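Novice: got a sequence here, can you build the structure:
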Amino acid sequence: MTAMVCAGALAYAAPGAAKTSDVDYPLKKPVRIIVPFGAGSTPDVLTREVAIRLAQQLGQTFVVENRPGASGINGTQEAVRAEPDGYTILAGTIGVLAVNQFLYENLKYDIEKDLVPVALFTRNPNVLIVPTSLPVNTVEELIVLGKQRKDALTYGSSGPGTSLHLAAELFKARTGMPALHVPYSQGPLNDLIAGRLDFVFYHISGALPLAKAGKVRILAVGTDERWPALQDYPTFKEAGVGDFEAGGWMAFMAPKGVPDHVINKLSAAINTILSQSPELRKRFEEQGIEAGGGTPTDLQSFLDAERKKWSELIRSAGIQSN
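Specialist: Alright, predicted model coming up:
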């Protein structure tokens, strides 16, 4: 396996790939995977893991190209404009694929019409955490405190419209508990640990080490069933909050018009990688991430449900991008 650095992108080349007819996808030319975030970001790192394995499996170079900016809008626009031949795909996140269209006006694309599903990539649930100085040990106790206290509880996020912000707003909507949002450009954890915030929804990979170190307390996990990496912590349903599931996720998408046989070939390869790469699954699990998978139809159903949930919440809560 050779890695070639070129113009802000990293290409993963399959050793000794045979030359065949141009009709044999993807042997015509390298495949570009657009990541609409910067190099070294979590979406970037995870996508590179798959790009390496796609090159090995399909016998072609996969170039990971970072197109950051505007909350993922710049890179998404680049993917939408690409030739629909299967040689450009997008590694999108919850924000890119299910939130931005409800926060930003005048987008130069229609995410629901201009991109088609390939495969769900990852799921990474949010957990509800509180500082150890806050006198609560359960979700129920937090809700009681929030409803009884004269001043509203405060929660932090990494910015308006992020998955952390939306999870907290969904929690407020499901419980009727008032709380004041405090956005942070560099993240809310330091102020939470210091007790200047009352609660935060956060990624497992960042929250679990802090909980083990006794700096924060995990109250619940935003999934329907107990998460493999957090078997000792209840779900929100177990904690008494129904219809609550929140977290980050990623999915591979392609420009509208890519032939079905190309979509299916890509989807099958990604599914094989996610289901049959023990090393990769172990790396994901260590970060509290679950490998995705499923058919393009499965992903479309998932996208429909996510878009419905977050559009309704954004509208009802009056959430704005800034």
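
Novice: which residues of this structure fall in helices?
Specialist: With DSSP state H as the criterion, the chain has helices at 42-58, 73-81, 94-98, 100-103, 111-114, 139-148, 163-175, 189-193, 204-212, 260-276, 278-286, 296-317.

Novice: what sits up against the fifth one?
Specialist: Contacts of helix 111-114 from elsewhere in the structure, counted by C-beta atoms under 8 Å, 6 or more residues apart in numbering, are 76, 80, 96, 97, 100, 101, 255, 256, 307. The way it works is simple: take the backbone N, C-alpha and C, and place the C-beta from them, glycine included.

Novice: what of the first one?
Specialist: Among residues not part of helix 42-58, those counted as contacts by C-beta under 8 Å, 6+ apart are 1, 10, 12-14, 26, 31, 33, 35-38, 61-64, 66, 91, 93, 121-122, 250, 265, 269-270, 272-274, 277, 280, 283-284, 289.

Novice: the third one too?
Specialist: In this structure, residues lying in contact with helix 94-98 by C-beta under 8 Å, 6+ apart are 36, 71-73, 75-76, 90, 111, 115, 161-163, 247-251, 253, 303, 306-307, 310.

Novice: quick revisit: quick one: buried ones out of the contacts of helix 42-58?
Specialist: By the neighbour-count criterion of 16 or more other C-beta atoms under 10 Å, these include these buried positions: 10, 12-14, 26, 31, 33, 35-37, 61-64, 66, 91, 93, 121-122, 250, 265, 269-270, 273-274, 277, 280, 284, 289.

Novice: mind checking how far residue 171 is from residue 91?
Specialist: Counting by C-beta to C-beta, to the nearest Å, the gap between residue 171 and residue 91 amounts to 28 Å.

Novice: try residue 52
Specialist: Residue 52 sits 14 Å away from residue 91, going by C-beta to C-beta.

Novice: phi, psi of the closest residue to residue 156 other than its chain neighbours?
Specialist: Here the nearest residue to residue 156 in space, its sequence neighbours aside, is residue 188; by C-beta to C-beta, 6 or more residues apart in numbering that works out to 2.6 Å. In this entry, residue 188 is assigned phi and psi values of phi -100, psi 0 (degrees, to the nearest 10).

Novice: give me the number of residues near residue 188?
Specialist: Each residue near residue 188 was counted by other C-beta atoms under 10 Å, and the total is 23.

Novice: my guess is it meets residue 199, correct?
Specialist: No - with contact defined as C-beta atoms under 8 Å, residue 188 and residue 199 do not form a contacting pair (9.7 Å).

Novice: gap between residue 190 and residue 196?
Specialist: Residue 190 is 9 Å from residue 196, where distance means C-beta to C-beta.

Novice: and for residue 111?
Specialist: Counting by C-beta to C-beta, the gap between residue 111 and residue 196 amounts to 36 Å.

Novice: which non-adjacent residue is nearest the residue positioned nearest the centre of the chain?
Specialist: The chain has residue 249 as the residue nearest its centroid, 2.8 Å off, counting by C-alpha atoms, centre = their mean. In space, not counting the residues next to it along the chain, residue 249 is nearest to residue 123; the distance is 4.7 Å by C-beta to C-beta, 6+ apart.

Novice: biggest strand in this protein, by residue count?
Specialist: Taking DSSP state E as the criterion, the chain has its longest strand at strand 115-131.

Novice: circling back: any residues in contact with both of residue 188 and residue 199?
Specialist: Where contact means C-beta under 8 Å, 6+ apart, the residues bridging residue 188 and residue 199 through contact with each are residue 155.

Novice: what's the neighbour count on residue 74?
Specialist: By other C-beta under 10 Å, the residues close to residue 74 number 14.

Novice: need the contact list for it.
Specialist: With C-beta under 8 Å, 6+ apart, residue 74 has these contacts: 36, 67, 68.

Novice: pLDDT added to these, as a markdown table?
Specialist: Below are the contacts of residue 74 laid out as a markdown table (pLDDT from 0 to 100):
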| residue | pLDDT |
| --- | --- |
| 36 | 98 |
| 67 | 97 |
| 68 | 97 |
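
Novice: residue 228: which of those is nearest?
Specialist: For residue 228, the closest of those turns out to be residue 36, at 28.5 Å, with distances computed as C-beta to C-beta.

Novice: list the contacts of residue 81.
Specialist: Residues near residue 81 by C-beta under 8 Å, 6+ apart: residue 255.

Novice: from residue 51, how far off is it?
Specialist: For residue 81, the distance to residue 51 under the criterion C-beta to C-beta works out to 21 Å.

Novice: any idea how far residue 298 lies from residue 304?
Specialist: To residue 304, residue 298 is 11 Å away according to C-beta to C-beta.
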